[in-house]
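1. what's the 3D shape of this:
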Amino acid sequence: MSFVDVLFSAKGRMRRRDYWIYSLSVTAAFFIAGYAVHAFIGTDDFISEITSAGTMSPTPFHYFMFVVQTLGQWPAICIMAKRWHDRNKSGWLALITTTVLLVLDYAPRVLWNLGLPVPVDGWFANMCSLFDTAIVIWIFVECGCLDGTKGPNKYGPSPKGIGVAEDVF
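-> Coordinates of the predicted model:
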């Protein structure tokens with residue numbers, strides 16, 4: 001499977017080792033890109049700016065990172081979809097869980113910035129964080145810890161080569 005297929009196609013299956021390698025690589029690339037962009041349009045303190053996004057007026061950096069996070073999720077979704085396929089589950093779970101995580105992450109901030117009476121550190125934000133954490137733990141266990149289906153399944157052959165008939169001659 002080519003690098004482009006891994007990042008931009010949701011077809012096929014992926015073993016855990018490859019899932020971790022690609023997921024961590026994409027995460028590192030986004031962090032480095034975010035830090036580089038921050039150097040040009042952010043404020044003085046990168047860490048405080050990304051951790052306090054909902055407690056202050058949004059800066060151009062916040063808007064840019066929202067767009068980058070939203071559009072840049074495609075490689076992460078494709079990688080996760082392949083892992084769900086290896087677990088013999090629908091790859092749509094990758095899109096659904098990513099969308100729910102984005103909504104849970106941004107809902108308190110967006111509502112607060114719109115002037116609605118939803119404090120960023122109140123019960124609503126705490127519930128969003130609780131559900132967010134539960135979903136992340138579920139994805140971590142399913143995609144990152146549990147073994148895939150042994151042999152072929154409806155999403156393709158085993159990425160480990162299990163269940164493939166060998167030609168002797």
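2. contacts and neighbour counts: CA atoms only from here.
-> Noted.
3. Which SSE is immediately downstream of the helix or strand bottoming out on mean pLDDT in the chain?
-> Lowest mean confidence among the helices and strands of the chain (mean pLDDT, DSSP states H and E): helix 46-51, at a mean of 59. Proceeding N to C from helix 46-51, the next assigned helix or strand is helix 60-71, under DSSP states H and E.
4. Going by neighbour count, which residues in that following helix are buried?
-> Neighbour counts over helix 60-71 (16 or more other CA atoms under 10 Å) mark 61, 62, 64, 65 as buried.
5. Turn those into TSV, columns for distance to residue 129 and pLDDT.
-> Listed next are these as TSV, based on distance: CA to CA, whole Å; pLDDT from 0 to 100:
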residue	distance to residue 129	pLDDT
61	22	72
62	19	71
64	23	76
65	19	73
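6. and those as TSV, adding distance to residue 78?
-> Output for those, formatted as TSV (distance: CA to CA, whole Å):
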residue	distance to residue 78
61	26
62	25
64	22
65	20
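7. so which of those residues comes closest to residue 5?
-> residue 65 (25.0 Å; CA to CA).
8. The nearest residue to that closest one once chain neighbours are set aside: which element?
-> Distances taken as CA to CA, 6 or more residues apart in numbering place residue 34 nearest to residue 65, at 7.1 Å, with adjacent residues excluded. Using DSSP H and E, residue 34 maps to helix 16-41.
9. Give me the distance from that helix to the chain's centre.
-> What separates the centre of helix 16-41 from the centre of its chain is 11 Å, taken as CA atoms, centre = their mean, to the nearest Å.
10. Likewise for stretch 128-144?
-> 11 Å.
11. now stretch 66-82
-> Relative to its chain's centre, stretch 66-82 lies at 6 Å (CA atoms, centre = their mean).
12. Now the most centrally placed residue in the chain: which helix or strand?
-> Note on the chain: the residue nearest the mean C-alpha position is residue 76, at 5.0 Å, using CA atoms, centre = their mean. Per DSSP H and E, residue 76 falls inside helix 73-86.
13. Now the helix or strand following that helix - C-alpha only, PDB.
-> Later in the chain than helix 73-86, the nearest helix or strand by DSSP H and E is helix 92-113. Extracted in PDB, the C-alpha atoms of helix 92-113 (Å, rounded to 0.1, in the frame of the first residue of the first chain):
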ATOM      1  CA  TRP A  92     -17.800   5.000   8.800                       C
ATOM      2  CA  LEU A  93     -17.000   4.800  12.500                       C
ATOM      3  CA  ALA A  94     -13.900   6.800  11.800                       C
ATOM      4  CA  LEU A  95     -15.800   9.700  10.300                       C
ATOM      5  CA  ILE A  96     -18.600   9.600  12.900                       C
ATOM      6  CA  THR A  97     -16.200   9.500  15.900                       C
ATOM      7  CA  THR A  98     -14.000  12.300  14.500                       C
ATOM      8  CA  THR A  99     -17.100  14.500  13.800                       C
ATOM      9  CA  VAL A 100     -18.400  13.900  17.300                       C
ATOM     10  CA  LEU A 101     -15.000  14.700  18.800                       C
ATOM     11  CA  LEU A 102     -14.700  17.900  16.900                       C
ATOM     12  CA  VAL A 103     -18.200  19.000  17.900                       C
ATOM     13  CA  LEU A 104     -17.500  18.100  21.600                       C
ATOM     14  CA  ASP A 105     -14.200  19.900  21.500                       C
ATOM     15  CA  TYR A 106     -15.500  23.100  19.900                       C
ATOM     16  CA  ALA A 107     -19.200  23.300  21.100                       C
ATOM     17  CA  PRO A 108     -18.400  25.000  24.500                       C
ATOM     18  CA  ARG A 109     -16.000  27.500  22.900                       C
ATOM     19  CA  VAL A 110     -18.300  28.400  20.000                       C
ATOM     20  CA  LEU A 111     -21.400  28.800  22.200                       C
ATOM     21  CA  TRP A 112     -19.400  30.900  24.700                       C
ATOM     22  CA  ASN A 113     -17.900  33.100  21.900                       C
END
